[in-house]
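Trainee: take a look and give me a structure for this.
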Amino acid sequence: MKISKLQVKNFLGIKEFKFEPKQINLIRGANEAGKTTLLETIEKALYNKGRRVKYVKTGEEEANLLVELDNGFVVNRTLRDESGKDKVSLTKDGYTVPRPEGTLKSLIGTEGFQFNPVDFLMKKDAEQVEILLSLI
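Mentor: Here you go, the predicted model:
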């Protein structure tokens, strides 16, 4: 399962971003350019993991995250500021999937080894080296 399309609007520091990944993708840029935000976008859309108190870009009322997977699933997550409620929809080949959060958990899985790049980036350099060496 791979991401075939990613669309982001008003999420953290990103006003609008569209991306269609290829086989190999390199994320690079200066400090505060949005590299970690891009990874958090994917994490929030698929896992709904809350690392922050606020996700909606300052001055906006809602953020929208859309992730299309190559197996026909499309996740569309809308995050609202303090005045509203977040919502998520999941479709498969154009048909609405009931219980989107539960389906995402069973689809992506929560057991076994998972490499979380955001967690990795938040670790100290020595911890990152230790993790990388343990994988070799």
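Trainee: phi and psi next, for K44.
Mentor: phi -70, psi -40 (degrees, to the nearest 10).
Trainee: C-terminal to the helix or strand hosting N10, what's the next element?
Mentor: Assigned by DSSP states H and E, N10 falls within strand 3-11. With elements assigned by DSSP H and E, the helix or strand that comes after strand 3-11 is strand 14-19.
Trainee: just want the angle from that following strand to strand 3-11.
Mentor: Calculated by axes from the mean of the first three to the mean of the last three Cα atoms, to 10 degrees, strand 14-19 forms an angle of 170 degrees with strand 3-11.
Trainee: use 3 as the first number from now on
Mentor: That works, and once the first residue is 3, the last one we named lands at strand 16-21.
Trainee: so which bits of strand 16-21 are buried?
Mentor: Neighbour counts over strand 16-21 (16 or more other Cβ atoms under 10 Å) mark I16 as buried. Placement of C-beta: from N, CA and C, glycine included.
Trainee: run through who's touching it.
Mentor: 7-12, 36, 39-40, 43, 59 (Cβ atoms under 8 Å, 6 or more residues apart in numbering).
Trainee: give me the phi and psi angles of the spatially most central residue of the chain.
Mentor: With distances taken as Cα atoms, centre = their mean, the chain has I44 as the residue nearest its mean C-alpha position (1.3 Å). Here is the backbone geometry of I44 (degrees, to the nearest 10): phi -60, psi -40.
Trainee: now it: how far from L68?
Mentor: 11 Å (Cβ to Cβ, to the nearest Å).
Trainee: quick one, helices of the protein?
Mentor: 37-49, 102-110, 119-124, 127-137 (DSSP state H).
Trainee: perfect, I'm done here.
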